[in-house]
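> structure for the following, please:
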Amino acid sequence: MLKCILKNAVRSLTRRQRRRRLRPLYLKKHRRSVEAGFILPTVAVVSMVVVLLTAAMTIRSFDRARNASNVRVSQAAAEAAAPAIGSTMIIAGVR
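Numbering: from 1, shown residues only. Take a look at the predicted model:
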């Protein structure tokens, strides 16, 4: 009986030792120093993308506003010149 108890105690002790030695292999813990190296480049790339997209959208918005303003000015000039253009065409015989 005592022999059986000692045998089981030794087996369980060796199992515990095996578990302790194999645990790091099964549970691969990420080291903070390795993870820390990915934070700064990720933040930098995301920040650059946000800044570039914002700048592109702002530039495009101002360009479209300027283009719309130029279209309105050219339409107003064409409407203002329409009577003069129409009368010269009538005089010339072109309808």
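
> and R60, how many neighbours?
By other CB atoms under 10 Å, 10 other residues sit near R60. Yep, even glycine has a C-beta here, placed from its N, CA and C like the rest.

> which strand or helix spans it?
Assigned by DSSP states H and E, R60 belongs to helix 32-92.

> what is that helix packed up against?
Judged by 3 or more CB pairs under 8 Å, 6 or more residues apart in numbering; DSSP states H and E, helix 32-92 is in contact with no other helix or strand.

> any idea how far V71 lies from V51?
Per CB to CB, to the nearest Å, V71 is found 31 Å from V51.

> break the chain into its domains for me.
With domains defined by automatic domain parsing, the chain comprises 1-28, 31-95.

> and the ones you listed, which one averages the lowest pLDDT?
Lowest mean pLDDT of these: domain 1-28, a mean of 69.

> quick one: L40 from A81, how far?
Taken as CB to CB, the span from L40 to A81 is 61 Å.

> ok, R15 next?
Separation of R15 from A81 (CB to CB): 98 Å.
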